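Participant: mind looking at a prediction? Sequence and model below.
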Amino acid sequence: MYLSEHFGRAFWLDDANEFRSCPLKLNNIPDFDYIDYVSEWTDLEGISLDKLLYIHKTELLNKVNNNNKLTNSDYILTEDVYNEVKKCYNSSNPEEVIWHGN
């Protein structure tokens, strides 16, 4: 998972390698109540595509290099962290589950 101060959002690749995003709360915790697909963004005015594509590339490389654990230099999404997030998140909607540990 990539936490971007520039965008004020968290980014990751889901199990289908779809580029997902959600806003960051003030304490830089991802707000999983507002997950979206980056591919569905329609208003790209003012968005730095270079930075967005860099994040996407970073997440692709992280997924390959870390056996599907999503990481960046600031944050590691371990199975324990995921399980804690899942406890707080309504997991009854499988479309919104962001990562499945092996």
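Facilitator: Arrived safely, thanks for sending.
Participant: tell me what whichever helix in the chain runs longest is packed against?
Facilitator: The single longest helix within the chain, with elements called by DSSP state H, is helix 49-65. If contacts are counted by 3 or more CB pairs under 8 Å, 6 or more residues apart in numbering; DSSP states H and E, helix 49-65 sits against strand 2-4, strand 9-13. C-beta here means a position set from N, CA and C on the backbone, and glycine is covered the same way.
Participant: contact partners for residue 28?
Facilitator: Residue 28 makes contact with 3, 5 under the criterion CB atoms under 8 Å, 6 or more residues apart in numbering.
Participant: wait, residue 24
Facilitator: Here residue 24 is in contact with 3-4, 8-10, 30-31 (criterion: CB under 8 Å, 6+ apart).
Participant: pairing partners for residue 3 in the sheet, please.
Facilitator: In this entry, residue 3 is beta-bridged to residue 10, by DSSP bridges.
Participant: gap between it and residue 42?
Facilitator: As judged by CB to CB, to the nearest Å, residue 3 and residue 42 stand 24 Å apart.
Participant: and what of residue 66?
Facilitator: Counting by CB to CB, the gap from residue 66 to residue 42 is 32 Å.
Participant: ok, now residue 56?
Facilitator: Distance of residue 56 to residue 42, computed by CB to CB: 18 Å.
Participant: of these two, which one has the most company?
Facilitator: When residue 56 and residue 42 are compared for neighbours, residue 56 comes out ahead with 15 against 4, by other CB atoms under 10 Å.
Participant: residue ranges in the protein under the pLDDT threshold?
Facilitator: Low-confidence segments of the chain (pLDDT under 70): 67-102.
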